[in-house]
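Trainee: Show me how the following folds:
(chains A and B)
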Amino acid sequence: MASLKDLRVRIASVKSTQKITSAMKMVAAAKLRRAQEQAEASRPYAERMARMLGSLAASVAGQDGAPPLLKGSGKDEVHLIVVGTADRGLCGGFNSSIVREARQMIHALGGQGKTVKLLCVGRKGRDQLRRDYGELIVDTIEDVAKPAVTFDKASAIAGRLTQMFQAGEFDVCTIIYAQFKSAITQIVTPQQLIPFAVPEEQKEAAAGGGASAAYEYEPDEEEILAALLPRNIAVQIFRALLENNASEQGARMTAMDSATRNAGDMIDRLTLVYNRTRQAAITRELIEIISAKEAM
Amino acid sequence: MIETRVAFELVSPERLLLSESVDMVVVPGAEGDFGVLVRHAPLVSGVRPGVISVYNGGQVTERIFVAGGFAEVTPSRCTVLAEQAMPVAEIDRPAAEQQLKDAREDLADAKDDDERDAAARQIAVAEAMIQASAS
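Mentor: Numbers count the residues shown, from 1 in each chain, chains lettered A, B, ... in the order given. Below you'll find the model as predicted:
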């Protein structure tokens, strides 16, 4: 049986933990608002960019002159997985669920005899993957969301990917991130960046000789594609980073909310035990006094 | 009824600036300005730094500066993906001039072709910005 003093100390410590978690929750909620706005604002651009490129790609598909970023390097041997996670923990299952998806993918690709390379964006992903797949990690990029996710940072990552691709270091590149749906739901999404994946419906439209094949180009097809493809990668990465950022804050808010609630429950429970113990002590003292009196 | 308006959308990486149906837009294309009315032939074009003008009822109702990008035109809609966009009224003239000065210095300091290209692009953007705010 814990003594009164132990209980008091325990309650005080849970209370201070609760203060921290509730402060973290509030910070996450404030950051979430901004991050969510940003993520939602980036969606139209990324979607329209993908749609535009999709119709372009569908009309160029199969031509010999198509740029490698579009049709791939012709091989399917080395896969680069960009694992987008947070730099910090204490955000529920956010990091783990992304890493789990990455593990599954590494496993599946390994099973097919492919070589896998990893590029970790965010410390937590690297920390979790380092133990099992340390030798696969090419590099880690940290602090993408500090002080803010900017397009320049996304461009830098995209530039790096393009360079690595041109140097023949990988054939297929996929990014894994958590798409933000709400503070409670984040959907882990793998998205293929290189070569550009033409959406199915646009593929069919092109095959049927649909309207997408009839575009005019100014200046010309190759030049536009050459400018659009690297830009698209940057845009998609930017979007993924923003989604991830919003998801992280959302997950943290939910996690800290339940932590605060749990701490509250724990304080209640401990207080009850404390009061009972205190009462028991008082009763015992009374009994001792009374029985001592009677014995006299 | 025959559709007489074209659905125009202007998006930058940060946000969706404009999404409405308009009578006509004039876009500064890579090879010259072009106007888009409804039932325009499908077109994909580069966009150079300049001003997009939105026409409604024969009047320019909106002027928005874009720092390059791409435009996709189909018979019913026109989508402009801008690298950076802001209404002309919000252009900060002194900041643009400072940017032009910096870019010129960068060009003078540039060591390789990539840096020179980047600086030249910056200059084009800054010049177009100043021109847009003057007109």
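Trainee: in chain A, what secondary structure element scores lowest on mean pLDDT?
Mentor: One helix or strand of chain A scores below all others by mean pLDDT, DSSP states H and E: helix A:200-207, with a mean of 60.
Trainee: Report the next helix or strand after it in sequence order.
Mentor: Downstream of helix A:200-207, the first helix or strand assigned by DSSP states H and E is strand A:216-218.
Trainee: Could you pull up the mean pLDDT of that next one?
Mentor: The pLDDT scores in strand A:216-218 average 81.
Trainee: cool, and stretch A:166-176?
Mentor: 90.
Trainee: contacts for the longest helix along chain B?
Mentor: Longest helix of chain B, by residue count under DSSP state H: helix B:113-134. With CB atoms under 8 Å, 6 or more residues apart in numbering or on different chains as the test, helix B:113-134 has contacts from B:48-51, B:63, B:65, B:67-68, B:84, B:88, B:91, B:93, B:96-97, B:99-100, B:102-104, B:106-107, B:109-110. (Each C-beta comes from the backbone N, C-alpha and C, glycine too.)
Trainee: redo that, cut-off 6 Å
Mentor: Contact with helix B:113-134 is made by B:49-51, B:65, B:67, B:88, B:91, B:93, B:96, B:99-100, B:103, B:106-107, B:110, as judged by CB atoms under 6 Å, 6 or more residues apart in numbering or on different chains.
Trainee: That helix: which residues count as buried?
Mentor: B:119, B:122-126, B:128-130, B:132-133 (16 or more other CB atoms under 10 Å in any protein chain shown).
Trainee: A:Leu161: neighbour count?
Mentor: Other residues near A:Leu161 come to 24 when the count uses other CB atoms under 10 Å in any protein chain shown.
Trainee: May I have the predicted confidence score for it?
Mentor: For A:Leu161, the model assigns a pLDDT of 91.
Trainee: repeat for B:Met1
Mentor: 56.
Trainee: Flag every residue of chain A that's near chain B.
Mentor: Proximity of chain A to chain B, by CB under 6 Å from any CB of the partner chain, involves residues A:41, A:44-45, A:48-49, A:52, A:151, A:214-219, A:224.
Trainee: now A:Gln192, what's its secondary structure?
Mentor: Under DSSP: H, G, I helix; E, B strand; the rest coil, A:Gln192 falls in the strand class.
Trainee: Show me the beta-bridge partners of it.
Mentor: A:Thr174 (DSSP bridges).
Trainee: My guess is it contacts A:Thr174. True?
Mentor: Yes. Here A:Gln192 reaches A:Thr174: they are 5.0 Å apart, a contact under CB atoms under 6 Å.
Trainee: more crowded one of those two?
Mentor: Ranked by neighbour count (other CB under 10 Å), A:Gln192 and A:Thr174 place A:Thr174 first, with 18 against 13.
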